[in-house]
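Undergrad: Structure, please.
(one chain, ligands or ions: 1)
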Amino acid sequence: MRRLSRVIGIALAFTAVLAAALAANMLRTRSRQLTVDPAPVAAIDAKSVAERLAGAIRLRTVSYETPSADSRAALLELHRYLAAAFPHVHAALALETVHDYSLLYRWEGTDAKAQPVMLMAHQDVVPVAPGTESAWHAEPFGGEIRDGYVWGRGAWDDKGNLLAILEAVERLTAAGFRPARTIYLAFGHDEENGGDDGAAAIATLLRARGVHLGYVLDEGMLITEGMVPGLDLPAALIGVAEKGSATLRLTATATPGHSSMPGSRTAIGALATALSRLERAPMHASIRGTAAEMFDTLAPEMHGANRFFLTNRWLFGRIIEHGLVASPATAALMRTTTAETIIQGGNKQNVLPGSADAWVNFRLLPGDGVEDVVAHVRRVIADPDIAIVVEPGATPASPVSATRGEGYRAIEHTLRALEPNVVVAPSLLLGATDSRHMQGLADGVYRFSPVRATSIDLARFHGTDERISISNYVELIAFYERLIRDSGPAGR
Ligand SMILES: [Zn+2]
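TA: Residues are numbered from 1 along each chain as shown. Predicted coordinates for the structure are as follows:
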C-alpha cells in the first residue's frame, strides 16, 4: 500500500512537472511575425478602378479545352483595352508580345546591377460550367458592379491580379516613379490550359537572354479569414511550393471468354482488389517540410487548445497528425494524395473482358518523386500481373522557395505594413500555376495575392458567382504598389 501511494505520488509529480513544462512552452513560443512601420494609405479611386476591372471581365478570354477563335479575338481586344486604360504604363514600359497573345512588360530599373523581379498574372479565364449559368446572381461576363462587388468570371482568377498590377504601375509611372531594380510583368494567355504556349515561352525567352530574377510573385494562395482553427486573425498564406501531379494507368489482364465459365481471376476483380488496396493504404502523411513551417508559424498566433497542442508538437505530433488527416484539405498538405478517377472494363454482360483499366491521379508532395509513387503502388497492390504505366504529362512538385529569401521577406514586409493584424505564414499550393515555368530562372518563386476569402468563398473559384469586393480590390492595388515601391536595390 505504501509502495503504491509512492508510485502514485511520483506519477502525479511527474504529470505536474510535464503540464508546467508544456504550458511554459506554449507561453514561451514567440511570434515569428515581423514588426513593421505602417505604410501610408494610398488614395485610390475605388469607383474608377472597379470600372476598369469590370471592363476587362466583359472580354471573354476563355481557355477551352480546344482553342477558340473567339477567345483569341478577345485576347487581342484585351490588349487594346489595357493599352487604352493604362497609358502611363504603356509609355514607360517596354512591351513585347510572345506567341501573339502573351504579354511581357519590362520596366527598366535605375540600378543596372540589381537583380530584376517579376510579377505574374494570366489573361485567360475558365469557362462557366454548362448548365450552371442560371445559378449565377450576375451575368458571368457582364462585368456587373453591385453590392460593393465586381462580379464575373476572372474577378478573382486572375483578371483581379492582372488589372491590380497594372493599376499599381500606372499610379507609379504617372507619379514619375522609377524602380531601382528592373521589374518584369508577365501575363500569360493559356494558364488554364497549362501555360505551355504562354508562360513557358516567356521563360524560354528570358533564359535565352540570360535573365536571372531575384524572385517571382504569381497568383496562388490567399488571405484566409476564419479558416484556420484557433486563429482569429486573417492569415496570409504564401505558397512557397506547389504540388506535382502524376496519373498512373493500371491495367489488369485475364483470359477473355464466356461468362458462363469464369475462371477464379477476372480482369475486373483483379483491378477492383488493387484499387481497394490502394485506397486503404494512402501514402505516408506527416507534418513535415512546408506544413511543419506553416503550423509552427501560425501556432504562436493562435489561442486555446490549438495553440497548446501545436506549440508542443514534439509531444502531441501524432495526435495532431491524426486529427489533420481526417480533413481532406489538411491531409493534402501532409501527403501525396491518391485519387482514383477513371475506370474502364468490359462491354458485354455475358463476356469476360480480356482487360480492365483504371487511372489514378496522385498529387505529389515536395520530396516524393514519380518513381516513389510507382514503387508505392507496386508494393501496395502486390499483384505483378497488373501493369503500371505513368501517363504523359506528369509534373514533379516544385522546389520549395525559402522563407528567408528576399522575395518572401518583401511580401511579408508589405503585408504587415499595410495590415499589422495579418499573420503571414508559408504554405503549400495544392494546384498548379504559371509560375512553375519560371522555376530555375529565379532565386525564389512565391504564389500569393492578397485576395481575401472565407471557406464559403472557395466555391466561387472556377465556380459560380465569382466576384471580388471593391474594398479588397483596392487592397490588391495598394499591395502591389507598396511592394514595388519597397522593392529596393536588393540582390546585387
Ligand atoms: Zn489562375
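Undergrad: In the stretch 351-492 of the chain, which residue sits closest to the ion?
TA: In the stretch 351-492 of the chain, the residue that lies nearest the ion is Thr433 (6.6 Å; Cβ to the ion). For every residue, glycine as well, the C-beta is placed using N, CA and C.
Undergrad: What separation is there between that residue and Gly226?
TA: 25 Å (Cβ to Cβ, to the nearest Å).
Undergrad: Next: Val370.
TA: 37 Å.
Undergrad: Number of residues surrounding the residue of the stretch 1-150 of the chain found nearest the ion?
TA: Residue of the stretch 1-150 of the chain nearest the ion, by Cβ to the ion: His122 (5.6 Å). By other Cβ atoms under 10 Å, 28 other residues sit near His122.
Undergrad: quick one on the thing from earlier: just want to know which of Thr433 and Gly226 has more residues nearby.
TA: Just comparing Thr433 and Gly226: by other Cβ under 10 Å the higher neighbour count belongs to Thr433, 24 against 14.
Undergrad: which residues sit in contact with that one?
TA: 120, 191, 218-220, 239, 242, 447 (Cβ atoms under 8 Å, 6 or more residues apart in numbering).
Undergrad: Which stretches in the stretch 151-300 of the chain count as strands?
TA: Using DSSP state E, counting those that start in this stretch, the strands of the stretch 151-300 of the chain run over 183-188, 213-224, 235-242, 244-253, 257-258.
Undergrad: does the third one come close to the ion?
TA: No. Under the criterion of Cβ under 5 Å from the ion, the ion is not reached by strand 235-242; the shortest gap measures 12.2 Å.
Undergrad: what angle separates that strand from strand 213-224?
TA: 130 degrees (axes from the mean of the first three to the mean of the last three Cα atoms, to 10 degrees).
Undergrad: Next, report how far strand 235-242 is displaced from the centre of its chain.
TA: 7 Å (Cα atoms, centre = their mean, to the nearest Å).
Undergrad: what helices or strands is it leaning on?
TA: With contacts taken as 3 or more Cβ pairs under 8 Å, 6 or more residues apart in numbering; DSSP states H and E, strand 235-242 sits against strand 213-224, helix 289-298, helix 406-418, strand 423-429, strand 442-453.
Undergrad: next one: the first one
TA: Where contact means 3+ Cβ pairs under 8 Å, 6+ apart, strand 183-188 is packed against strand 102-107, strand 117-122, helix 159-174, helix 199-208.
Undergrad: just to revisit the earlier point, any chance of the helices and strands packed on strand 235-242 in CSV, with mean neighbour count too?
TA: Shown next, in CSV, are the helices and strands packed on strand 235-242 (neighbours: other Cβ atoms under 10 Å):
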stretch, mean neighbour count
strand 213-224, 25
helix 289-298, 21
helix 406-418, 22
strand 423-429, 25
strand 442-453, 24
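Undergrad: Looking at those, spot the one closest to Ser471.
TA: strand 442-453 (9.1 Å; Cβ to Cβ).
Undergrad: Quick one: name whatever helix or strand follows the closest one.
TA: Counting by DSSP states H and E, the next helix or strand C-terminal to strand 442-453 is strand 467-469.
Undergrad: That following strand packs against which elements?
TA: strand 149-151.
Undergrad: quick one: contacts of the strand it packs on?
TA: So strand 149-151 is contacted by 50, 53-54, 57, 137-139, 142-145, 155, 160, 465-470, 473 (Cβ under 8 Å, 6+ apart).
Undergrad: can you check stretch 92-105 too?
TA: With Cβ under 8 Å, 6+ apart, stretch 92-105 has contacts from 72, 75-76, 79, 82, 89, 106-108, 123, 169, 173, 184-190, 197-199, 201-202, 205.
Undergrad: what do you get if the cut-off is 6 Å, keeping everything else the same?
TA: Here stretch 92-105 makes contact (Cβ atoms under 6 Å, 6 or more residues apart in numbering) with 75, 106-107, 173, 185-189, 197-198, 201-202.
Undergrad: Next: stretch 32-40.
TA: 297, 412-413, 416-418, 482.
Undergrad: With pLDDT and distance to the ion as extra columns, can I get these in a markdown table?
TA: Shown next, in a markdown table, are those (pLDDT from 0 to 100; distance: Cβ to the ion, whole Å):
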| residue | pLDDT | distance to the ion |
| --- | --- | --- |
| Thr297 | 96 | 25 |
| Glu412 | 97 | 22 |
| His413 | 96 | 25 |
| Arg416 | 96 | 25 |
| Ala417 | 96 | 26 |
| Leu418 | 96 | 23 |
| Arg482 | 96 | 23 |
